[in-house]
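Asker: quick one, fold the following:
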Amino acid sequence: MTDIILLEGGTGQELLNRSSNKAPRHWSAEYLLTEPGLVRAVHRDYILAGARVITINAYSASFTRMTLLGEADRVPELQRLACDLARAARDDAGEAGHGVAIAGCLPPLNGTYRPDRVRQFEENLAEYRQLAALQAPYVDLFRCETLSTADEGRAAAMAAAATGRPVWVSWTLDDAGGTALRSGETITQAHQALTGIPVAAVLANCTAPEAISAAMAELVATGLPTGGYANGFMPIPKSFLPGKTLDQVAVRQDLDPAAYARFAMAWVAGGASIVGGCCETGPAHIARLRADLIAAGHTLVSVAGI
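Answerer: Next up is the predicted model:
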């Protein structure tokens with residue numbers, strides 16, 4: 001059967017669900033400062049559930065987001081904390097942590113799900129280069145994730161590739177179930193924007209699982225290792241305001257671990273070799289997916305070279 005790399009589930013929403021602080025000022029980065037043990041525990045629990053890649057909790061620790069709070073000078077501290085806690089969690093996991101890769105995180109910089117807010121290429125590239133330089137000494141690869149335009153993906157991938165680390169690019173798709181990015185660009189167009197950049201894998205994430213299913217053939221057609229990690233939200237409104245996710249988006253009630261695993265197993269059947277979960281999936285989802293993959297005869301593997 002197939003060698004599969006199993007990712008973790010959502011980190012930011014899992015932290016929010018476990019913490020008593022439901023209105024973090026620094027978004028998910030808040031917990032790096034106030035509940036580092038919780039961040040460490042979430043990472044560890046994903047490893048114990050079977051994840052072979054965990055991503056640092058730095059999604060909201062960008063210069064753009066922290067500037068909104070007047071705290072851009074704290075970004076290096078937050079980035080280092082995110083890296084240190086992920087590495088410590090890998091150690092906490094003991095034997096299960098052996099071979100687990102730590103992924104850096106290059107997220108959308110000016111708001112998730114909003115292609116109309118994506119800034120000019122050179123401006124994005126400059127900030128991504130700063131973030132990648134802060135993370136590179138401590139991570140094994142980069143996940144450029146939840147990107148909604150081809151140009152945004154190109155900027156993140158170019159900055160990550162300059163570090164010499166492997167680069168995965170993951171786009172967020174239109175929840176309507178087509179194969180387009182939220183910008184309306186096709187996956188083929190987004191992939192063509194990566195020409196000349198040494199990208200090691202392409203994925204779709206933070207999107208309805210049905211949309212990833214519809215897009216899998218086009219992802220596989222890129223010829224690169226392919227994957228998906230979906231969210232558990234109802235469709236994202238085009239007027240989504242960053243920073244107020246649960247005020248605007250309801251959580252689906254039909255994606256328990258078994259139901260989610262059925263989607264992911266279908267992606268594997270369609271050619272995916274990297275699967276996991278995004279917002280509103282947790283360790284139980286990853287544990288069930290691990291069990292189903294093994295039962296189907298697949299082999300769970302680490303990232304090459306880790």
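Asker: ok, which stretches of the stretch 101-250 of the chain are strands?
Answerer: According to DSSP state E, counting those that start in this stretch, the stretch 101-250 of the chain carries its strands in the segments 101-106, 141-147, 167-171, 201-205, 226-230.
Asker: mind giving me the packing neighbours of the third one?
Answerer: Pointing back at strand 167-171 there. Where contact means 3 or more Cβ pairs under 8 Å, 6 or more residues apart in numbering; DSSP states H and E, strand 167-171 is packed against strand 141-147, helix 150-161, strand 201-205. Any C-beta I mention is one placed from the backbone N, CA and C, and that applies to glycine too.
Asker: ok, which of the strands of the stretch 101-250 of the chain comes nearest residue 247?
Answerer: With Cβ to Cβ as the measure, strand 141-147 is the member of the strands of the stretch 101-250 of the chain nearest residue 247 (18.8 Å).
Asker: so what touches the closest one?
Answerer: Residues outside strand 141-147 that contact it (Cβ atoms under 8 Å, 6 or more residues apart in numbering): 53, 55, 59, 101, 103-108, 112-113, 132, 135, 153, 156-157, 160, 163, 165-172, 181, 200, 203, 205-206, 278, 303, 306.
Asker: sorry, back to before: mind putting the strands of the stretch 101-250 of the chain in CSV, distance to residue 218, mean pLDDT and mean neighbour count included?
Answerer: Shown next, in CSV, are these (distance: least, Cβ to Cβ, whole Å; pLDDT from 0 to 100; neighbours: other Cβ atoms under 10 Å):
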stretch, distance to residue 218, mean pLDDT, mean neighbour count
strand 101-106, 23, 98, 25
strand 141-147, 16, 98, 27
strand 167-171, 11, 98, 27
strand 201-205, 10, 98, 26
strand 226-230, 10, 98, 28
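Asker: how about these in JSON lines, adding distance to residue 76?
Answerer: Compiled in JSON lines, the strands of the stretch 101-250 of the chain are given as follows (distance: least, Cβ to Cβ, whole Å):
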{"stretch": "strand 101-106", "distance to residue 76": "14"}
{"stretch": "strand 141-147", "distance to residue 76": "17"}
{"stretch": "strand 167-171", "distance to residue 76": "22"}
{"stretch": "strand 201-205", "distance to residue 76": "26"}
{"stretch": "strand 226-230", "distance to residue 76": "28"}
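Asker: between those, which gets nearest to residue 282?
Answerer: Closest approach to residue 282 among these (Cβ to Cβ): strand 226-230, 12.6 Å.
Asker: give me the sheet partners of the closest one and which way each runs.
Answerer: In the sheet containing strand 226-230, its partner strands are strand 201-205 (parallel), strand 274-277 (parallel), by DSSP bridges.
Asker: rebuild those strands as CSV, extending it with distance to residue 257.
Answerer: Formatted as CSV, these follow (distance: least, Cβ to Cβ, whole Å):
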stretch, distance to residue 257
strand 201-205, 18
strand 274-277, 9
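Asker: quick check: mean pLDDT across the helix ranked longest in the chain?
Answerer: If you go by DSSP state H, the chain has its longest helix at helix 75-92. For helix 75-92, mean pLDDT rounds to 98.
Asker: ok, stretch 11-30 next?
Answerer: 95.
Asker: measure residue 21 to residue 202 for me?
Answerer: 35 Å (Cβ to Cβ, to the nearest Å).
Asker: cool, residue 5 as well?
Answerer: Remark: distance between residue 5 and residue 202 (Cβ to Cβ) = 13 Å.
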